Structure formats: C-alpha cells, structure tokens
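Colleague: Let's see this in three dimensions:
(2 chains)
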Amino acid sequence: MVALPKSAVSQGRIPDRVSTRSTLHGDTVLDADVVIVGSGAGGATLAAELAEAGLDVVMIEEGRYWTTRDFTAEASAMTRQLYRDGGASMAIGDPPVMFQEGRAVGGSTVINGGMSWRTPERILERWRREAGLEHIEMPDMAAHFERVERRINVRHQDPETIGVDNALLKRGADAKGWKIIPNLRNQVHCAGSNNCAFGCPTGAKQSALVSYVPRALHYGARLLSDVRVDKILMHGKRAIGVQGHVVGEDGERGHRVVVRGKLVVSACGAIHTPALLARSGVRSPSGRLGKNLSLHPNVKLAAVFDEPVRGWEGVHQAYQVREFEGEGLLFAAVNIPPGVIAMTAHERGAELGRMMAEYDRTVIAGMLCEDSNTGRVRTINGRPQAFYQLAQLDAEKLIRGVALLSELLFAAGAREIKTPFAGVPALRGHDDTRALYTRTIKRSQMEVVTVHMMGTAAMGSDRTRSVTDGHGFVHDADRLMVCDASLFPTPIGVNPMETIMALATRSAAHVLDNLSRYQ
Amino acid sequence: MTYQHSQPTRRVLESLVPVICPPEAMELGLGADIVDHVALTMSSVPPLFRRGLVLGLATYDLTAMAWPPARGRRAHQLPPDLAERWWERWHHGLTPVQRELAKAVAQLLKFGCYEHPVMLERLGYTPAAWIDQVKRRRLQVYGDDIRKAEAAVLAPDPLRPPIRKKELG
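Modeller: Just a heads-up that it's a prediction; the model follows:
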C-alpha cells in the first residue's frame, strides 16, 4: 500500500500518480497486476477496491484529467472537452438517437446528473431468472450498494438548493396526486449550480473524478490519461495486457504505450467495450458481443410559464415522478442551456427567436423510457457504430409519456408546451394533450436522445447466450473482464451509475476472493 | 482536432445564418461569429461526420443551380426568399440524407447562435454569477462537513484489510 504525502482530492492540480500526454515523453511499457481500460463508474470503482486491497493497478483513460476548477457553464467549450465526439454520437435508426458519453478521467460520471439509484429488485430478479445469474438479488447485492453509497455520499438534496423548475414539477405532480420522490444523488451539500452536465464546478458531485479515482491513486494505483487503447494483447485465449498510444492535443497519434497485466479489464462503456474486444480478436461463442444494446430512449419537452423560472438556478433533477414506473416511465425537470435547447428545437428564424425569448420562464422536463427493443454496436474499421431501432411499443410509450408529463405541467400552471415531435404544434391546454393520443406521430418525427447505453457484453450463466459470466469475466477467454454497463442483461429502468459501481464492487470482491486464479 | 472552414463551406454557412437563426443574430452582426463557432463544434465531431457535412454543404450549394427558381445560381447566391425555400426543400426532402443534413446544419447554427455571449446576455442567462454565489455559500455554510467528506474519500476501509503482495504470486 502506498499513501501519497498530500491529499489526492485536489481541486486544481493533477495528482502525482497521473501521467498525461505532457509527461509521457517516449514509448512506455509498464507491468501491473491489473490493467483497467476506462476510469468511469466501473473502472474507477474496481481500481479503488483492488488498489486498496494491495494490488498494483493501472487505469488507462483516453480523455484528459480535468480538475474541478476547469469546469464552467460554457456549454460549448465543456461539450468539446468532456464529451466523446463533442456529444454528437448517434445510433443509426428511425429515428436516429443522439447519445452522449463522457471522455475524461472519471468518465460519464463527470457529466451525468448524479442520480444514484439501486437497481430495482424486479430487475435483479429478472436477471436471476432470465440470465441465470446467482447471488444477484437484493439480499446479496445490498452490501455492495451500501458500500458504494458510503463512498460517493448518496443522499437527498439540501432543500434550499431546489429551484423553481423542480418546485413546479412537484406542484404539478401533487396537483395530479401522482407519486413524486426526492432524488438520491451522489453529492456533498450540492450547491445547486445546475452545471452537472458540464462538470461540477464546486466539487460537490461525487463523480469518480473526486471519489473513486483519488481513492485508487491514494492506495497506489497509477493512471495514464490521454491514452487510447488500440487492442487487448492476447496470448491464445489469455489476456496479457493492452497496447495503445498517447493522444495528442489535436487528436494525433503519439508515443506507444503497452501495459502488461495479470488481469485485463475493459471498462470503457457499452459502446466502446464491444469494439475494443472485437478489435482484439475476442469472439463470443454466443454471437452476442455488441448485440443487446438498450438505450433508455429519452425525450424532452419545454413548458412555458408566466412566472420567472430561471431553471439554471437550483439543483438538476431534485425529484423524480415515479407514478408510471410500472410502465417503465420516469419524469424529471432537467434544465438545459440555451444553446442545447435551441439546437434540439424544431423552430427556426423568427419563430426560434420568440421561443428562446421565453427561456427564463421555461421548464425543461424529460423522461426516461425502459425500452423493449435492442440494437447493436458494429465495429467498422475499428470504430464502433451503434444501430438502434425504436420499437413501435416504445414509440407509443414515449407519446403517452409526453402526454402525461404535459398534463402534469399544465396542472402546475404551464401556458404552452413544445413537444419533442416535429410537426406537432405547441400544446396550449388539456384538449391538445388528449389529442396527442389520437394523432399519428411517426417515429421519424421524434427527437430522441440518451445517456444510458447498456447490455452489449451481457452477463449470463449460459455461454451460448451471454458474453460474460456473472462477475464480468468473458466466457471462453482467460483473465479478461468487463466492468461497465455492457454487463447489464436488460435495461434497468433507472439511472445506471450506482448499478455499475455496485457490480464493480461485487466483481472486485470476487477477484480478491479468488486471487490464486490470477497467478 | 483543429478544423477550419474552406471558403466555399463558409459561404454556404453564412448564407444559412439568416435562414436558420433569429433576425436579431443578423441585426447584431453575429453571422461570422456563429459560423466560426460551427467550425469549433465541427472540430470535435467524428471525422466521417465532418467530411459528410462538408460534402453535403457543397452538394446543397451546387444542386441549387438545377432548381428552376434559382436560375442557375448557387444556394449561397440566392436572395432571402429563395434561400428559405431552397432550405425548406432539403428540410422536407425526399431522401433521409437531405433531411438529416438540413437538420444537422440547422442544429450547428442554432447552437452557435445561442452560445454567443451577446445572445445569452439578451436572454438574461447568467449561470456564472449564480455558480459563484452558491459556491461561496456552500463553503461558508457546510465547510466542516465538506472537509470531513474529503477526508473520508481516502480513509482506509476497516472491513477490508490489504492483502500481502506475495499472495498474488
């Protein structure tokens, strides 16, 4: 165990055990017990657990090590810096689904909203029943969830930070008599800066960047940032390390990096993990690698009120409306900066100007839909490309969700609601809302986005139907593990961060209980 | 990566600012800034997507010449009413490629427009001031709790003692 002389929890400097493109001056070869590709919810959690236990861990992250002081409300700059492909990744289908992934030390936890929910018990039971997973139900998982919740400070928001947009969402839900609950978030006295999606500028959100990554470093782990892994090195079916390269400031290919390890872990998310495995020649006898992609399709609507809202003042998603959880629908207020709202609006010209003039009186509300269809990630010239077709059932669910959420917002006092459906005029009251049910709305009219990609290297006991075993080890490979949302056998219907962290904690315990296998 | 518009690409984008952005963007003289912002955004999108956009804009510009009302002019040379109609033809185009290109270009311009400091000021959008205010308050009110939480990030776990290195083999 190696303790650093200074705290690794730093708001403005890069810790000593982090190597970046500025310090990786030549080709590099390292040896470690465990090499982990990715430093987000899965990778950082696993790294901290294993490093604390005394293993020599190296994390590799393609993105940069940004510190809390780097995070501002400049949406455009933050998007370019913190999001893969500038946030313009897209799953091809009808409709195309825009998706966002973090590319920074801390992964997507740096840019998520901080919602920290345990996997619903019905989902864990489904995983046991359908995927044959053992010790996955809540009595076994509870200790892992509790451990994660302690590490990342999962708690309710301080009430004084709840802004007008969330208060209006609650007013509407209460008026309808619908179930609404305070969100659980990973935060230490979150200030309500509403900048979650562009990095927390106060350090209150306990992303992996300020929780598991510093913990891992404190206990001796090393981190290489600005390094892209090209492939996993295989000796027969045994993973023996990874090979990659330093990514230059302008994306150019820099020095070669090789890290040899006794255990190799892919934790780069449900889009990039299957691509990394495919580039490395890993084949799943199940034929399921890259398949089973779930997205939690998400649509947003904009409700204009007569009173000032100033949605940027107050916490992001203080509440979740859980009335329709049984149908796989969750609602929340999700303030979004003007540039992003304008970008996703169907209006243009003077009409766009009129709409945006009311930005400070607008509540942006969104929904999460537990999807029933699955897509796939193909690896084309070494790069992943997602394909996803929204099921008709889910399209209907989204229409119903928009209608229900509109009812709630009208009950809260909204005077006009813009829907995410191109060609559908703004709703001005309950009659318009009811008309949504009978109107023909094609999938191609829907503006669908997501930040929850899951399932492309799914766990299961049957190697002919799943890519990984119940602890994330790749079937028919040796010493190769997956540790991210790729593992989910099905969508989970809630925000996935805590599930990823809990599975990583569980996998770490399994590795530590079976160390002799990795000699 | 650093990306700069070629002159033909810039011309087409500048001609689209009055079509896509609200009139005040032109009145305030923001057209060039918005097009510069589009270049910044395009520098971070996947290379294939970027090449597709550039090629698509060139096609958009050139194919206008074959549209009878344009009378042989390129899209960037059209007067405002025809520029609007030509863009609408792509926005509601027969092929998904046309429609997706029109949508993507509009998104880039609208994003650039409403990321411009002048436009944000007109909306009264002042997040930096809000962040400064709540950041200070957080430290004043909860300083002790915050320090304790930071210490806990690094505190050893009493339930999981470190293993000895030799056990790894």
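Colleague: hang on, isn't A:V213 packed against A:S39?
Modeller: Yes - with contact defined as Cβ atoms under 8 Å, A:V213 counts as touching A:S39 (6.0 Å). Glycine gets a C-beta too; all of them are placed from N, C-alpha and C.
Colleague: shared neighbours of the two, which are they?
Modeller: Common contacts of A:V213 and A:S39 (Cβ atoms under 8 Å, 6 or more residues apart in numbering or on different chains): A:A47, A:M59, A:V105, A:G106, A:L223.
Colleague: how about a markdown table for the residues you listed, with secondary structure, neighbour count and distance to chain B added?
Modeller: Output for the shared contacts of A:V213 and A:S39, formatted as a markdown table (DSSP: H, G, I helix; E, B strand; the rest coil; neighbours: other Cβ atoms under 10 Å in any protein chain shown; distance: Cβ to the nearest Cβ, whole Å):
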| residue | secondary structure | neighbour count | distance to chain B |
| --- | --- | --- | --- |
| A:A47 | helix | 34 | 14 |
| A:M59 | strand | 35 | 16 |
| A:V105 | coil | 29 | 15 |
| A:G106 | coil | 27 | 13 |
| A:L223 | strand | 26 | 15 |
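Colleague: Turn those residues into a markdown table, columns for pLDDT.
Modeller: A markdown table is the format used below for the shared contacts of A:V213 and A:S39 (pLDDT from 0 to 100):
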| residue | pLDDT |
| --- | --- |
| A:A47 | 98 |
| A:M59 | 98 |
| A:V105 | 98 |
| A:G106 | 98 |
| A:L223 | 98 |
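Colleague: In the chain, where is pLDDT below threshold?
Modeller: You didn't pick a chain, so chain A it is. A:1-12, A:519 (pLDDT under 70).
Colleague: Chain B was what I was after
Modeller: B:1, B:160-169.
Colleague: Got the domain ranges for it?
Modeller: Here the domain parsing of chain B from automatic domain parsing is B:7-123, B:126-156.
Colleague: Tell me which of the ones you listed sits most buried.
Modeller: Of all the domains of chain B, domain B:7-123 has the most neighbours on average by mean count of other Cβ atoms under 10 Å in any protein chain shown, namely a mean of 18.
Colleague: Run the chain-centre distance for that one.
Modeller: Centre-to-centre, domain B:7-123 and its host chain are 13 Å apart (Cα atoms, centre = their mean, to the nearest Å).
Colleague: Same check on stretch A:124-133?
Modeller: Using Cα atoms, centre = their mean, the offset of stretch A:124-133 from its chain centre is 22 Å.
Colleague: pull the longest helix from the chain.
Modeller: All of this is about chain A. Secondary structure assigned by DSSP state H gives helix A:392-411 as the longest helix of chain A.
Colleague: Please refer instead to chain B.
Modeller: Per DSSP H, chain B has its longest helix at helix B:127-154.
Colleague: What is that one packed up against?
Modeller: helix A:212-218 (3 or more Cβ pairs under 8 Å, 6 or more residues apart in numbering or on different chains; DSSP states H and E).
Colleague: now A:Q385, what's its secondary structure?
Modeller: strand (DSSP: H, G, I helix; E, B strand; the rest coil).
Colleague: Contacts only, for it.
Modeller: Here A:Q385 is in contact with A:I92, A:V377, A:R378, A:T379 (criterion: Cβ under 8 Å, 6+ apart).
Colleague: hey, what's it bridged with?
Modeller: Beta-bridge partners recorded for A:Q385 (DSSP bridges): A:R378.
Colleague: What ranges does the stretch 351-500 of chain A have for its strands?
Modeller: For the stretch 351-500 of chain A, the strands defined by DSSP state E, counting those that start in this stretch cover A:362-369, A:376-380, A:383-387, A:416-418, A:448-450, A:480-482.
Colleague: and these as JSON lines, adding distance to A:A302?
Modeller: Formatted as JSON lines, the strands of the stretch 351-500 of chain A follow (distance: least, Cβ to Cβ, whole Å):
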{"stretch": "strand A:362-369", "distance to A:A302": "5"}
{"stretch": "strand A:376-380", "distance to A:A302": "31"}
{"stretch": "strand A:383-387", "distance to A:A302": "27"}
{"stretch": "strand A:416-418", "distance to A:A302": "4"}
{"stretch": "strand A:448-450", "distance to A:A302": "14"}
{"stretch": "strand A:480-482", "distance to A:A302": "38"}
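Colleague: check contacts around B:L108.
Modeller: Counted by Cβ under 8 Å, 6+ apart, B:L108 has contacts A:M343, B:V38, B:T41, B:M42, B:L53.
Colleague: secondary structure element for the first one?
Modeller: Using DSSP states H and E, A:M343 sits within helix A:338-344.
Colleague: now swap in the fourth one and tell me
Modeller: When secondary structure is defined by DSSP H and E, B:M42 falls within helix B:31-44.
Colleague: helices or strands next to that helix in the packing?
Modeller: Under the contact rule (3+ Cβ pairs under 8 Å, 6+ apart), helix B:31-44 is packed against helix A:75-82, helix B:7-20, helix B:96-113.
Colleague: did I read that right, A:S193 in a strand?
Modeller: No - A:S193 is assigned coil when assessed by three-state DSSP, not a strand.
Colleague: Against A:L209, how distant is the closest residue to it other than its chain neighbours?
Modeller: Leaving out its chain neighbours, the residue that sits closest to A:S193 by Cβ to Cβ, 6 or more residues apart in numbering or on different chains is B:I131, at 4.5 Å. From B:I131 across to A:L209, the span is 18 Å (Cβ to Cβ, to the nearest Å).
Colleague: try A:L263
Modeller: For A:L263 relative to A:L209 (Cβ to Cβ), the value is 24 Å.
Colleague: More neighbours: which of those two?
Modeller: For A:L263 versus A:L209, neighbours defined as other Cβ atoms under 10 Å in any protein chain shown are more numerous around A:L209 (28 against 23).
Colleague: For residue 105, which non-adjacent residue is spatially closest?
Modeller: Chain wasn't specified; assuming chain A. A:Y65 (4.4 Å).
Colleague: look at chain B instead
Modeller: For B:V105, the spatially nearest residue (Cβ to Cβ, 6+ apart) is B:L16, at 6.4 Å.
Colleague: So the one you found versus B:L78, what's the distance?
Modeller: With Cβ to Cβ as the criterion, B:L16 and B:L78 are 11 Å apart.
Colleague: got it, and A:E307?
Modeller: Taking Cβ to Cβ, one finds A:E307 at 43 Å from B:L78.
Colleague: would you list every one of the helices in chain A?
Modeller: With DSSP H as the criterion, chain A has helices spanning A:41-52, A:75-82, A:121-131, A:138-151, A:164-176, A:212-218, A:269-279, A:338-344, A:349-356, A:392-411, A:430-438, A:497-513.
Colleague: does any part of the last one sit near chain B?
Modeller: Right, helix A:497-513. Yes - Helix A:497-513 is in contact with chain B by Cβ under 8 Å from any Cβ of the partner chain, via A:L512.
Colleague: Just the C-alphas of that helix, formatted as PDB.
Modeller: Only the C-alpha atoms of helix A:497-513 are listed here, as PDB (Å, rounded to 0.1, in the frame of the first residue of the first chain):
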ATOM      1  CA  MET A 497     -24.400   4.700 -12.300                       C
ATOM      2  CA  GLU A 498     -24.900   3.000  -9.000                       C
ATOM      3  CA  THR A 499     -25.700  -0.300 -10.600                       C
ATOM      4  CA  ILE A 500     -22.400  -0.200 -12.500                       C
ATOM      5  CA  MET A 501     -20.500   0.800  -9.300                       C
ATOM      6  CA  ALA A 502     -22.200  -2.000  -7.300                       C
ATOM      7  CA  LEU A 503     -21.400  -4.600  -9.900                       C
ATOM      8  CA  ALA A 504     -17.800  -3.400  -9.900                       C
ATOM      9  CA  THR A 505     -17.600  -3.600  -6.200                       C
ATOM     10  CA  ARG A 506     -19.000  -7.200  -6.400                       C
ATOM     11  CA  SER A 507     -16.500  -8.100  -9.100                       C
ATOM     12  CA  ALA A 508     -13.600  -6.700  -7.000                       C
ATOM     13  CA  ALA A 509     -14.700  -8.900  -4.100                       C
ATOM     14  CA  HIS A 510     -14.800 -11.900  -6.400                       C
ATOM     15  CA  VAL A 511     -11.300 -11.200  -7.700                       C
ATOM     16  CA  LEU A 512      -9.900 -10.800  -4.200                       C
ATOM     17  CA  ASP A 513     -11.600 -14.000  -3.100                       C
END
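Colleague: Right, I'll leave it there.
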